[in-house]
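1. Dropping the sequence and predicted coords here.
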Amino acid sequence: MSAGEMVRLEDLQVGHTLSGRKHVLSIMVENRPGVLARVAGLFSRRGFNIDTLAVGPTDDPNISRITLTLDGAVHPIDQVTKQLHKLVNVLKIRDMEPQETVAREMALFKVSAAVENRAEIVQFAEIFRAKIVDVSRRALIVEVTGSHDKIEAFESMLRPHGLLEMVRTGEVALARGGD
């Protein structure tokens, strides 16, 4: 398929449902060694490419939450979730609907900041509600938190100034409301 070519809905059909959206899976697991490797291995064996992956403890120190994002247009997601349920340390899986989810990621950008362009970088940081977390003679490190699109937009603003390094976390997400 070439750039600019229209995508037909039939091409996105997987099984009986359309699956052209990004999937955000929230997986509650027992906090034990090897659980992450087994979960990631299941995706790897099935040929899934995980876009982002974030793992951390929950309010219960015995339970961790794995949040991963992947493109649902490539493979049917229901097959892998059924396999995940079979893993002994997996407690709960939720395929979160984007409109019912609050999702954020964090990024750190080290940008060249000579005297002549430092003010403009500081102004970008203010506009994006980012924080300058380190200052040196030649560079600034800026922390920004937000949606995937916000992080992308901030990166595109900094690149012309000399982006030296960057690192991004995986997306973390919670369902809206009382769920």
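-> Yep, that arrived.

2. Give me the distance between the top strand by length along the chain and the centre of its chain.
-> Here the longest strand in the chain is taken by residue count, with DSSP state E as the criterion, and it is strand 101-112. Relative to its parent chain, strand 101-112 has a centroid offset of 10 Å by CA atoms, centre = their mean, to the nearest Å.

3. Provide the strand pairings for it, with the direction of each partner.
-> Each strand pairing with strand 101-112, determined using DSSP bridges, is listed with its direction: strand 139-146 (antiparallel), strand 163-168 (antiparallel), strand 172-175 (antiparallel).

4. Skip ahead from the first one and say which helix or strand is next.
-> On the C-terminal side of strand 139-146, the closest following helix or strand by DSSP states H and E is helix 148-158.

5. any residues touching that next one, and which ones?
-> Outside of helix 148-158, the residues that reach it under the criterion CB atoms under 8 Å, 6 or more residues apart in numbering are 103, 105, 107, 109, 111, 121, 124, 128, 130, 142, 144, 163, 166, 168, 171. Placement of C-beta: from N, CA and C, glycine included.

6. Which positions in the lengthiest helix in the chain come out as buried?
-> With residue count as the measure and DSSP state H as the assignment, the chain has helix 115-127 as its longest helix. Counting neighbours by 16 or more other CB atoms under 10 Å, one finds that the buried residues in helix 115-127 are R118, I121, V122, F124, A125.

7. now the angle between strand 139-146 and the next helix or strand after it, please.
-> Using DSSP H and E, the helix or strand that directly follows helix 115-127 along the chain is strand 131-135. Relative orientation of strand 131-135 and strand 139-146, computed by axes from the mean of the first three to the mean of the last three CA atoms, to 10 degrees: 160 degrees.

8. Please point out which parts of strand 131-135 sit buried.
-> When burial is assessed from 16+ other CB under 10 Å, strand 131-135 yields no buried residues.

9. Mind splitting this protein into its structural domains?
-> Under the assignment named as automatic domain parsing, the residue ranges that make up the domains of the chain are 9-96, 102-175.

10. looking at these, which one has the lowest mean pLDDT?
-> Averaged per stretch, pLDDT over the domains of the chain is lowest on domain 9-96, reaching a mean of 82.

11. I appreciate the help and will end here.
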